[in-house]
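**Q** Predicted coordinates and the sequence they were generated for:
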Amino acid sequence: MGPFSDDHEPAAGRPRKALWFFVIIGSVAAACIGGAVLTAVKVGHNLRADAAAVRPTVVFPSSSASVAPTPEASAGPQASTYPVRKTDDLKRVCDHWYYPKSPKVQAKAFNPVKAFVSDSLDQQSRTESQLYDVPWRATPAIRAAWDPAALAKVRLVACADLTGAGARLKSCKFNDSKPATVPMKQGDYTLSVYEVATGRRLAEKKVKGEDTACPFVVLLGADHTIYSSVSDRQLFEALRTYVEK
């Protein structure tokens with residue numbers, strides 16, 4: 001869903017679109033990302049008509065944006081004063097907030113889940129993982145648990161945060177961009193599962209990112225490195241015990 005790397009062949013007969021990139025280097029206000037120096041590279045060609053409006057997977061807040069304070073982990077989770085209404089509310093669960101008005105986890109029922117992945121060592125932005133693409137989803141109850149439409153009824157939040165890197169896996173090549181070749185290293189993640197209603201951590205485990213596909217859009221940090229990501233299938237297998245009681 002974005003600019004294409006050299007791993008993807010252009011579709012026959014489609015007009016080639018101009019390749020482009022942009023670089024952002026600067027000190028971001030402390031209220032946003034703590035002054036990290038970041039570089040963003042975006043490249044692409046032969047975008048389909050239905051994917052023309054491509055955006056980076058990480059969006060930077062403006063310097064004037066207000067950022068809700070994150071409770072200290074040692075102080076325990078903090079209750080939100082409002083209920084869950086949008087995806088960004090559920091992201092806050094990864095930052096030690098909880099929503100008392102949300103339903104609690106049930107021992108013998110489907111527990112709807114949302115999962116978020118942070119694959120950068122420079123910033124804390126998270127993207128939602130689309131868990132609806134599970135191998136065998138069939139019944140309405142299963143679909144509702146892995147792809148919940150009613151966010152206020154989500155009982156679980158899973159957070160996969162990049163914590164370090166392993167060996168170099170390969171290089172990703174991009175057309176007409178600088179840098180043209182970006183190394184990919186093994187991503188080491190911590191996967192945590194929380195109850196939305198209480199902030200209680202139900203599980204925590206170390207996982208290695210198994211998704212080694214070169215991304216369509218790449219947002220580089222100061223280390224100019226891409227990390228293998230946690231795949232939807234990994235998350236599905238890790239969360240199944242908690243979602244399908």
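**A** Arrived safely. Note that this is a predicted model, so its numbers are computed, not measured.
**Q** Using neighbour counts, pick out the buried residues of the host helix or strand of Thr241.
**A** Element membership for Thr241 (DSSP states H and E) is helix 232-243. In terms of neighbour count (16 or more other CB atoms under 10 Å), helix 232-243 has its buried residues at Asp232, Gln234, Leu235, Phe236, Ala238, Leu239, Tyr242, Val243. Where C-beta positions appear, they are placed from N, C-alpha and C, glycine not excepted.
**Q** excluding its backbone neighbours, what's nearest the second one?
**A** When you say that, I think you mean Gln234. Leaving aside its sequence neighbours, Gln234 sits nearest to Glu210 (CB to CB, 6 or more residues apart in numbering; 5.6 Å).
**Q** doesn't Asp232 make contact with that neighbour?
**A** No. At 10.3 Å, Glu210 does not count as touching Asp232 under the criterion of CB atoms under 8 Å.
**Q** thinking again about what came up before, other SSEs contacting the helix holding Thr241?
**A** strand 113-118, helix 140-146, strand 156-173, strand 181-195, strand 201-208 (3 or more CB pairs under 8 Å, 6 or more residues apart in numbering; DSSP states H and E).
**Q** Write down the beta-bridge partners of Tyr194, one by one.
**A** Val157, Arg201 (DSSP bridges).
**Q** Could you measure from it over to Arg168?
**A** For Tyr194, the distance to Arg168 equals 33 Å [CB to CB, to the nearest Å].
**Q** And for Asp147?
**A** 35 Å.
**Q** and those two? which has more neighbours close in?
**A** More neighbours surround Asp147 than the other of Asp147 and Arg168, with 16 against 11 (other CB atoms under 10 Å).
**Q** what's the nearest residue to that one if we skip its chain neighbours?
**A** Once flanking residues are discounted, Asp147 sits nearest to Tyr132: 3.4 Å by CB to CB, 6+ apart.
**Q** Pull the number of nearby residues for the one you found.
**A** So Tyr132, with other CB under 10 Å, has 12 neighbours.
**Q** that older thread, comparing the helices and strands packed on helix 232-243, which yields the minimum mean pLDDT?
**A** With a mean of 88, helix 140-146 has the lowest mean pLDDT of these.
**Q** same for that helix, what does it pack against?
**A** Packing contacts for helix 140-146, counted by 3+ CB pairs under 8 Å, 6+ apart, involve helix 232-243.
**Q** do that again at 10 Å, thanks
**A** For helix 140-146, the elements it packs on are strand 113-118, helix 232-243, judged by 3 or more CB pairs under 10 Å, 6 or more residues apart in numbering; DSSP states H and E.
**Q** In JSON lines, list these along with distance to Phe174.
**A** Shown next, in JSON lines, are the helices and strands packed on helix 140-146 (distance: least, CB to CB, whole Å):
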{"stretch": "strand 113-118", "distance to Phe174": "22"}
{"stretch": "helix 232-243", "distance to Phe174": "24"}
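**Q** Figure out which of the ones you listed is closest to Ile226.
**A** strand 113-118 (13.7 Å; CB to CB).
**Q** Show me the shaky parts of the protein.
**A** 1-74, 135-137 (pLDDT under 70).
**Q** Try it again at 50.
**A** 1-68 (pLDDT under 50).
**Q** Next one: Val217 relative to Leu239, how far apart?
**A** Distance from Val217 to Leu239, by CB to CB: 26 Å.
**Q** follow-up on the earlier one: taking the buried residues of helix 232-243, tell me the two that lie furthest apart.
**A** Largest separation among these by CB to CB: Asp232 and Tyr242, giving 15.9 Å.
**Q** returning to what we had before: out of the helices and strands packed on helix 140-146, flag the one nearest Val93.
**A** That would be strand 113-118 among those, by CB to CB, at 8.6 Å.
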